[in-house]
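*Asks:* Structure, please.
(one chain, ligands or ions: 1)
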Amino acid sequence: MVNLNIAIERKSYASNMPDVLGQLGFNVAQGEFVSLVGPSGTGKSTLLNMIAGLESIEAGSIRFNDQLLKGPPPCKLSYIFQQPRLMPWLTVFENLRLVMPDSAPFEIEKMLDKVGLKGKSDCYPKQLSGGMQRRVSIARAFLTRPDLLLLDEPFVSLDAPNAQRLRSILLELWLEHKTTVVFVTHDLNEAIQLSDRVLFLSSSPGTVLLDKDIDLPRPRIDDVHFQNWKKHLLSQNPGLLEGQVSDVASESFSRGFI
Ligand SMILES: Nc1ncnc2c1ncn2[C@@H]1O[C@H](COP(=O)(O)OP(=O)(O)OP(=O)(O)O)[C@@H](O)[C@H]1O
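*Replies:* Residues are numbered from 1 along each chain as shown. Next comes the predicted model:
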């Protein structure tokens with residue numbers, strides 16, 4: 001397991017381009033589920049890529065358990081993107097085995113069972129629905145037993161019941177593995193429902209506007225108590241969602257347990 005210390009001073013993609021991230025500092029404790037919510041273009045994906053070692057850190061630092069990040073991350077890291085990024089020429093089973101060549105077939109089958117894909121191991125990605133393909137990407141991410149899991153809007157553009165089912169699967173696996181999670185979303189309801197903490201980023205360049213513990217008991221249901229908690233948060237912090245596409249994504253969120 002890993003804890004993260006983020007201390008970015010600034011980030012830009014080129015000297016003649018504006019900064020994408022401003023001063024951005026926060027910690028993520030071992031096993032904590034932290035969401036980043038912020039308007040489009042505030043550098044959320046850039047930050048995930050920096051944590052994953054895919055983007056350079058020019059000013060500031062990222063530490064994993066006090067170890068400075070220089071190059072590849074010094075821990076087992078999984079990254080789930082908006083697109084499932086499966087290998088189309090490999091079956092579901094082979095897509096999973098690709099990341100864990102030594103895993104026993106029963107371990108792969110067990111993981112597929114956990115994400116509701118029992119009996120689908122011989123299918124190719126194109127034979128699966130979009131929601132099923134994303135389940136495969138979640139199974140693949142957890143199969144490696146990651147210390148750190150990064151997710152970049154993994155449930156965007158799914159219909160509400162599918163997105164809700166995937167959130168439940170993610171939460172079940174997270175509770176089982178206690179992986180440290182950094183989750184990027186535009187959907188405030190999703191962030192509140194899943195996270196231990198939510199960081200709200202300001203419009204460009206990204207800095208933390210508010211670092212908020214979600215002190216609602218789990219399982220969290222989208223009920224009156226949940227909505228009142230959210231209303232209170234927004235009334236105490238006017239402008240928190242300024243620049244967001246909308247809170248509309250939240251409204252499409254289906255009711256149910258996770
Ligand atoms: N490889 C790149 N080269 C140059 N500019 C980039 C690159 N990647 C991202 N950017 C720019 O950096 C800014 C931040 O992008 P980023 O994708 O990190 O934001 P975001 O908060 O994740 O946005 P969204 O919520 O829309 O996904 C944007 O202006 C984007 O155009």
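*Asks:* quick one, what contacts residue 135?
*Replies:* 115, 116, 117, 166, 169 (C-beta atoms under 8 Å, 6 or more residues apart in numbering). The way it works is simple: take the backbone N, C-alpha and C, and place the C-beta from them, glycine included.
*Asks:* and it, what pLDDT?
*Replies:* pLDDT, residue 135: 96.
*Asks:* How far away from the center of its chain is the longest helix seen in the chain?
*Replies:* Longest helix in the chain, counting residues (DSSP state H): helix 160-177. Relative to its parent chain, helix 160-177 has a centroid offset of 12 Å by C-alpha atoms, centre = their mean, to the nearest Å.
*Asks:* Show me what counts as buried in that helix.
*Replies:* 162-171, 173-174, 177 (16 or more other C-beta atoms under 10 Å).
*Asks:* Please apply the same query to stretch 72-83.
*Replies:* 73, 74, 75, 77, 78, 79, 80.
*Asks:* now do stretch 133-147
*Replies:* 133-143, 146-147.
*Asks:* would TSV of the residues you listed with secondary structure be doable?
*Replies:* Formatted as TSV, these follow (DSSP: H, G, I helix; E, B strand; the rest coil):
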residue	secondary structure
133	helix
134	helix
135	helix
136	helix
137	helix
138	helix
139	helix
140	helix
141	helix
142	helix
143	helix
146	coil
147	coil
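*Asks:* what's the closest of the residues you listed to residue 24?
*Replies:* The nearest member of the buried residues of stretch 133-147 to residue 24, counting by C-beta to C-beta, is residue 147 at 21.8 Å.
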